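Q: coords below, sequence missing:
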């Protein structure tokens, strides 16, 4: 999988510069920041930092952000953006116990063949009473269904080997390893949304977060390390 990410590293951020991509990023970032809470003076490890696209937004809020990723080309871009990053996998994080105030995985758990180990490692490197936040692609969303159908017919599709989660599956996994877990979701429209939907995206987001919580494109769960 990391080879595929190496191949697309230079183009990875481009979709977020499109009209729909900008809206999606804004909504996902809002949900992510709500889960992360106050970042001032906090140390944060992003497991699967990629190009550092979202990490740049966290750094603006005075977090000290570190990252690991198994795709060297992605790491090169993140490093060029001023982040201290290491090569590594979520199942074996190259940091000692109790290092970070917050540990984040943003759309990286989907690539793990050992999600229990992945989450255990996130918990291990988090300080006692620190926060663990996991954001994953939702199988039961318009985006998730569309992506999985397309992947069935394309051997090289990026999403073909990813494990998309359901709201309940992610919530159960988090509660096995953390306390005070809460799970929500974001982005309640599908790919190629018409302009009138994008213009009303924030209204739709408010409705979806209240009434359609298990069905947003991005699931976001947070919990506290005991």
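A: Here it is on my side, so go on. Everything quoted here is computed from the prediction, not taken from an experiment. Numbers count the residues shown, from 1 in each chain.

Q: and the residue nearest to the spatial centre of the chain, bridged to which residues?
A: Nearest to the geometric centre of the chain sits residue 106, at 1.6 Å (C-alpha atoms, centre = their mean). Taking DSSP bridges as the rule, residue 106 bridges to residue 135.

Q: I'd say it and residue 46 touch.
A: Yes. Between residue 106 and residue 46 there is a contact at 6.5 Å, judged by C-beta atoms under 8 Å. No exception for glycine: its C-beta is placed from N, CA and C like everyone else's.

Q: list the buried residues for stretch 105-119?
A: 105, 106, 107, 108, 109, 110, 111, 112, 115, 118, 119 (16 or more other C-beta atoms under 10 Å).

Q: ok, residue 222 to residue 171 distance?
A: 11 Å (C-beta to C-beta, to the nearest Å).

Q: what do those two both touch?
A: 181, 183 (C-beta atoms under 8 Å, 6 or more residues apart in numbering).

Q: between these two, who's got more neighbours?
A: Between residue 222 and residue 171, residue 222 has the larger neighbour count (other C-beta atoms under 10 Å), namely 23 against 17.

Q: now do the contacts for the residue nearest to the centre of the chain.
A: 32, 46, 48, 54, 135.

Q: now the common contact residues for residue 106 and residue 46.
A: By C-beta under 8 Å, 6+ apart, the residues touching both residue 106 and residue 46 are residue 54.

Q: phi, psi of the residue sitting furthest away from the middle of the chain?
A: Going by C-alpha atoms, centre = their mean, the residue of the chain most distant from its centre is residue 196, 26.8 Å out. With angles defined as degrees, to the nearest 10, residue 196 sits at phi -70, psi -30.

Q: if anything else comes up later, I'll come back, but that's it for now.
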